[in-house]
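Engineer: Give me coordinates for this.
(one chain, ligands or ions: 1)
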Amino acid sequence: MELVFATNNQHKLEEIQHLLGNTINLLSLKDINCTDEIPEDHNTLEENASQKAWYIYNKYKINCFADDTGLEIDHLKGKPGVLSARYAGENKDSQANMNKVLDELTGIKTRKARFRTVISLIIDGKEIQFEGIVSGSILTEKQGLSGFGYDPIFLPDGFVHSFAEMNLPEKNKISHRARAINKLVNYLKKTI
Ligand code: IMP
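Structural biologist: You can find the predicted model right below:
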């Protein structure tokens, strides 16, 4: 079976293809010649994941899924959330995004936060969503150099190292994305 993942992120594709094994042939947007700027203009991760998946399904009539992830900080009432990539501006600068969060939390004791990933899967016109969450807190300064995005300021609950101080296999054992992907993979293995 062929399944489109609405992404051009090669790393994400390989990660999921590896988990799926060879019963499903995962295709990227590039593989289906889609160069569109797919809209994601809603206020929730659920709506954005859904919007992206339906865009592909309706245009290409092919089974597909899309994901959306955000960092939700309690003290900031769930922000940056859907704005995570461009919290400090349109150029999607991770350092600026982290600096903005650290500034906003200066002197604040309540630093609880979570990464949340939502995946929308559409098979034969029917949609199902999967959620993955990792809870943690926002550090007072950046720690570590690996990973991407907000990794240096996120300390997962029960750990002494930030995401940016973990290697990829360590992070993948507990990450929001891995948890959502595992639910998707289990579902696909059961139903296909
Ligand atoms: P996306 O929906 O996967 O593109 O994620 C949106 C934004 O959330 C990214 O641009 C990052 O800023 C942030 N983000 C998503 N996943 C992670 C992660 O695993 N670590 C750190 N930041 C992340």
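Engineer: Return the residues in contact with the most centrally placed residue in the chain.
Structural biologist: Closest residue to the average C-alpha location of the chain: Thr69 at 3.3 Å, with C-alpha atoms, centre = their mean. Going by C-beta atoms under 8 Å, 6 or more residues apart in numbering, Thr69 touches Leu45, Ser84, Phe115, Arg116, Thr117, Val118, His176, Arg177. C-beta coordinates here come from the backbone N, C-alpha and C atoms, glycine included.
Engineer: Quick check: buried residues in the host helix or strand of Pro169?
Structural biologist: Using DSSP states H and E, Pro169 maps to helix 168-174. For helix 168-174, the neighbour count (16 or more other C-beta atoms under 10 Å) marks Lys171, Asn172, Ile174 as buried.
Engineer: hang on, the earlier thing: I'd like the contacts of Thr69 laid out as CSV, including pLDDT and neighbour count.
Structural biologist: Compiled in CSV, the contacts of Thr69 are given as follows (pLDDT from 0 to 100; neighbours: other C-beta atoms under 10 Å):
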residue, pLDDT, neighbour count
Leu45, 98, 24
Ser84, 98, 22
Phe115, 98, 24
Arg116, 98, 24
Thr117, 98, 23
Val118, 98, 23
His176, 97, 21
Arg177, 93, 20
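Engineer: And the residue in the chain that the ligand sits nearest to, how close does it get to Val160?
Structural biologist: Residue of the chain nearest the ligand, by C-beta to the nearest ligand atom: Gly149 (2.3 Å). For Gly149, the distance to Val160 equals 20 Å [C-beta to C-beta, to the nearest Å].
Engineer: With Leu45 instead?
Structural biologist: 28 Å.
Engineer: What of Leu145?
Structural biologist: From Leu145 across to Val160, the span is 17 Å (C-beta to C-beta).
Engineer: For the worst-scoring helix or strand of the chain on mean pLDDT, name the packing helices and strands.
Structural biologist: Within the chain, no helix or strand scores below helix 10-20, which has a mean of 84 by mean pLDDT, DSSP states H and E. For helix 10-20, the elements it packs on are strand 2-5, strand 25-27, helix 176-191, judged by 3 or more C-beta pairs under 8 Å, 6 or more residues apart in numbering; DSSP states H and E.
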